[in-house]
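[1] let me see the structure of the following:
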Amino acid sequence: MISSIVVFLAVNVAVAFSQLCCSPPQWEGMEGFTTGYVEKGIKKKMEGYAKISYDAQNSKLAANTNVFNGETMMQVRVIMDFQKKKQYTIVKEKCSVTKLQTPFPKSCIPDGSEKYPAYFGMKNDGLDTMIHDQHHESRTLD
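    From the prediction side, this is the model:
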């Protein structure tokens, strides 16, 4: 399950390279997620949120993630240091180190994403913006 969390984070942060629009070189934000998986033939759901720190200037990513699996909560902290090509994953105060195989991911809107107008806020006090939707191939759990 921990490997699927790490892959989930890497996929969501490692948005495809693009010429459309890229984020500032450093930012932090919150990300919520819901995912399904099968364990010993039983369908299960996992939900959670992560505080993401993105630092292109120093080629580092970090995520402090809280995952809820039914009644159980698990905290996973991941630090990716692309200069050293190492990933540190901390679960229950135990740290494991793995080698990073990919280059630092740019945080950009991918080519081919669909653009939709959106409005956040109340009637006269809000923000006009655009939402970019990227389609991913998905599988259904039978």
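
[2] for the nearest residue to Met74 once chain neighbours are set aside, give the beta-bridge partners.
    In this structure, Met74 finds its nearest non-sequential neighbour in Val67, 4.8 Å apart by C-beta to C-beta, 6 or more residues apart in numbering. Quick note: C-beta positions are derived from backbone N, CA and C, even for glycine. Here Val67 sits in beta bridges with Gly48, Met74, going by DSSP bridges.

[3] could you verify my assumption that Val67 touches Gly48?
    Yes - between Val67 and Gly48 there is a contact at 4.0 Å, judged by C-beta atoms under 8 Å.

[4] that older thread, for the residue nearest to Met74, grab the count of nearby residues.
    21 (other C-beta atoms under 10 Å).

[5] ok, Glu39 to Gly48 distance?
    According to C-beta to C-beta, to the nearest Å, Glu39 stands 16 Å off from Gly48.

[6] got it, and Asp125?
    In terms of C-beta to C-beta, Asp125 sits 32 Å off from Gly48.
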